[in-house]
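A.B. asks: sequence unknown, structure follows:
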């Protein structure tokens, strides 16, 4: 049976931590995204005609939102579980009457919540710079929640795996950000010359960006079914890995 | 020792072997009575913290069983952990959080409903109420340690582990901690404390266990242990050195030292026999016409017993 009080305590504690670091947590990603809109949307985008029938500024909105979602969800969740390991406070979590479900709902739920708040702020910020519409707002919300949850789970795994701050930053900075840039954030895969248009399909982020773009504009590089299936598969894989971590106590219990 | 009826904690054959091959716990059997204060004594690296970790869920055990509150911890860990508190040796918490929020978090984490009055009570009992809105990082070392205790008490545990609670704290705070532990005893909380300060065990504990190299060498009532393993030591400084002992002293465990200038007695069994024999030796000396100018007598402390046990264990290994 799920211990809801414990779950809520972890969730609340994590959100309180986010509140304490509000500048880094909210202002920084919003500022970065605004700069992207100014540079790519206005400065460079003004010289690019439509992409897939969309104004360039509007075209990059889902990709930029995905960029923030991936990096923030991963970083927040990884930091959330790594910090107690680093400070020694993990003893309390391990000795508490909580298992994998409570821990995940608490830590990952809080990280995902923060990502959703950020997503909303970024969408509002985007309105300042470009005109865009959301064709399927309900699916957009579901998809954003799914991506936030999946990458918060990935972040949790990273936070358990990392043995130092350097490793903690490694995956978001060296893997996720480059893959997102190359994953169709700023261009359509159709615009790439052969064989790069085919090679790009090996990048999993392409499917995420494409899926989100479909929820916005009803059109995408790859089928929404494939995007959704891959995202759900990734979510299931992360849950399976975390369940194994808890069962074996890897990096948590000695 | 008589078996303990309905122990709050019952550990059987507990063994922990770390991946490198280090055997931190070696078939430990231990039963803890409800409401007692049990001191686990041992040198650094003896296995004290591993034992606590095994019960509290930080250490995966290699063999053996742990029953808490009558249930197997492997199956009933959720309900058992709600009733167990832990004050770790190292300071480990979110230093940027405030005292009251952290203590409230601990209560919630252990599944208890928010209760500000209870949190206030805990904080007041540890003289932390005035610091409730302070960030923990701004507190002194002693205060931080109190926050750890407050966090462990926030969910009203029935069984509390204190891992080296007074390591590195000043004398005043140590006495304060002892008062706290005494008050917990009055509230019916069972306390298991690890320490390498013998004085702490002597002052606080009802029963004492001695652990070294992962093996529990001895468990007994503190008083019984003192009686069973206690010794009397007395040194008579003689007015003039003697070369041999009179016949009347042959029956006693006495030796001559410092070229016959000091007669030493080492004996007794902690029941008062030693003191009686020292008096008899004094009478025999006077009857034999051997005067002495000073007498230094002491009963062995728990520390002597502990050191002796650990040294013997070291020799046997």
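C.D. replies: Yep, that arrived. Model, not experiment: these values are computed from the prediction.
A.B. asks: list the contacts for the residue of the stretch 101-250 of chain B at minimum distance from chain A?
C.D. replies: Minimum separation of the stretch 101-250 of chain B from chain A (CB to the nearest CB) falls at residue B:108, amounting to 2.9 Å. Every residue, glycine included, has its C-beta placed from N, CA and C. Residue B:108 makes contact with A:5, A:6, A:8, A:9, A:12, B:114, according to CB atoms under 8 Å, 6 or more residues apart in numbering or on different chains.
A.B. asks: please redo it, this time with the cut-off set to 10 Å
C.D. replies: Residues near residue B:108 by CB atoms under 10 Å, 6 or more residues apart in numbering or on different chains: A:5-13, A:96, B:114, B:154-155.
A.B. asks: just residue B:247 next, same as before
C.D. replies: Listed by CB under 10 Å, 6+ apart, the contact partners of residue B:247 are B:284, B:288.
A.B. asks: Phi, psi for it please.
C.D. replies: Per-residue torsions, residue B:247: phi -60, psi -40 (degrees, to the nearest 10).
A.B. asks: can you give me phi and psi for residue B:159?
C.D. replies: phi -130, psi 120.
A.B. asks: correct me, but it touches residue B:37?
C.D. replies: No - with contact defined as CB atoms under 10 Å, residue B:159 and residue B:37 do not form a contacting pair (11.5 Å).
A.B. asks: interface residues of the stretch 151-300 of chain B facing chain A?
C.D. replies: B:151, B:152, B:155, B:161, B:163 (CB under 10 Å from any CB of the partner chain).
A.B. asks: And the furthest pair within those residues?
C.D. replies: For those, the maximum inter-member distance is 17.6 Å, found between B:155 and B:163 (CB to CB).
A.B. asks: returning to that earlier point: and the residue of the stretch 101-250 of chain B closest to chain A, what element?
C.D. replies: Assigned by DSSP states H and E, residue B:108 belongs to helix B:99-109.
A.B. asks: Which strands or helices does the very next helix or strand once past that helix pack on?
C.D. replies: Where DSSP H and E defines the elements, the next helix or strand beyond helix B:99-109 is helix B:116-125. If you count contacts as 3 or more CB pairs under 10 Å, 6 or more residues apart in numbering or on different chains; DSSP states H and E, helix B:116-125 packs onto helix B:99-109, helix B:141-153, helix B:171-186.
A.B. asks: Return the set of buried residues in helix B:116-125.
C.D. replies: Using 16 or more other CB atoms under 10 Å in any protein chain shown as the test for burial, helix B:116-125 gives B:118, B:119, B:122, B:123, B:125.
A.B. asks: that older thread, in terms of mean pLDDT, which of the helices and strands packed on helix B:116-125 ranks lowest?
C.D. replies: Among the helices and strands packed on helix B:116-125, helix B:171-186 carries the lowest mean pLDDT, a mean of 82.
A.B. asks: Work out the gap between that helix and the centre of the chain.
C.D. replies: The chain centroid and the centroid of helix B:171-186 are separated by 14 Å under CA atoms, centre = their mean, to the nearest Å.
A.B. asks: How about stretch B:165-185?
C.D. replies: The chain centroid and the centroid of stretch B:165-185 are separated by 13 Å under CA atoms, centre = their mean.
A.B. asks: circling back to that earlier point, same list (the buried residues of helix B:116-125) but as a markdown table, adding pLDDT.
C.D. replies: As requested, the buried residues of helix B:116-125 are exported to a markdown table (pLDDT from 0 to 100):
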| residue | pLDDT |
| --- | --- |
| B:118 | 93 |
| B:119 | 95 |
| B:122 | 91 |
| B:123 | 92 |
| B:125 | 85 |
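A.B. asks: where does the stretch 51-200 of chain B have low pLDDT?
C.D. replies: Scanning the stretch 51-200 of chain B for pLDDT under 70 picks out B:168.
A.B. asks: could you say which helix or strand contains residue A:74?
C.D. replies: helix A:56-87.
A.B. asks: Spit out the contact partners of residue 73.
C.D. replies: Let's take chain A. Contacts for residue A:73 (CB under 10 Å, 6+ apart) come out as A:108, A:111-112, A:114-116, A:118-119, A:147-156, A:172, A:176.
A.B. asks: The intended chain is chain B.
C.D. replies: By CB under 10 Å, 6+ apart, the neighbours of residue B:73 are B:9-11, B:54-57, B:61, B:65-67, B:79-81, B:84.
A.B. asks: now residue B:257
C.D. replies: So residue B:257 contacts B:235, B:263, B:264 (CB under 10 Å, 6+ apart).
A.B. asks: Show the buried residues in those residues.
C.D. replies: So, by 16+ other CB under 10 Å, the buried ones in the contacts of residue B:257 are B:235, B:263.
A.B. asks: Just give me the neighbour total for the closest residue to chain B within the stretch 51-200 of chain A.
C.D. replies: Of all residues in the stretch 51-200 of chain A, residue A:88 sits closest to chain B, at 2.8 Å by CB to the nearest CB. The local packing of residue A:88 (other CB atoms under 10 Å in any protein chain shown) involves 14 other residues.
A.B. asks: Not counting sequence-adjacent ones, nearest residue to it?
C.D. replies: Excluding the flanking residues, the one nearest residue A:88 by CB to CB, 6 or more residues apart in numbering or on different chains is residue B:92, at 2.8 Å.
A.B. asks: tell me the secondary structure for the one you found?
C.D. replies: Under DSSP: H, G, I helix; E, B strand; the rest coil, the three-state class of residue B:92 is coil.
A.B. asks: Name the helix or strand for residue 243, please.
C.D. replies: Just so you know, I chose chain A. helix A:224-248.
A.B. asks: how about the helices in the chain?
C.D. replies: Answering for chain A, as no chain was given. A:4-20, A:22, A:28-36, A:56-87, A:90-95, A:100-129, A:137-161, A:165-170, A:177-180, A:196-199, A:204-217, A:224-248 (DSSP state H).
A.B. asks: um, chain B though
C.D. replies: Using DSSP H, the helices found in chain B span residues B:48-56, B:77-82, B:99-109, B:116-125, B:141-153, B:171-186, B:198-204, B:222-229, B:273-287, B:302-316.
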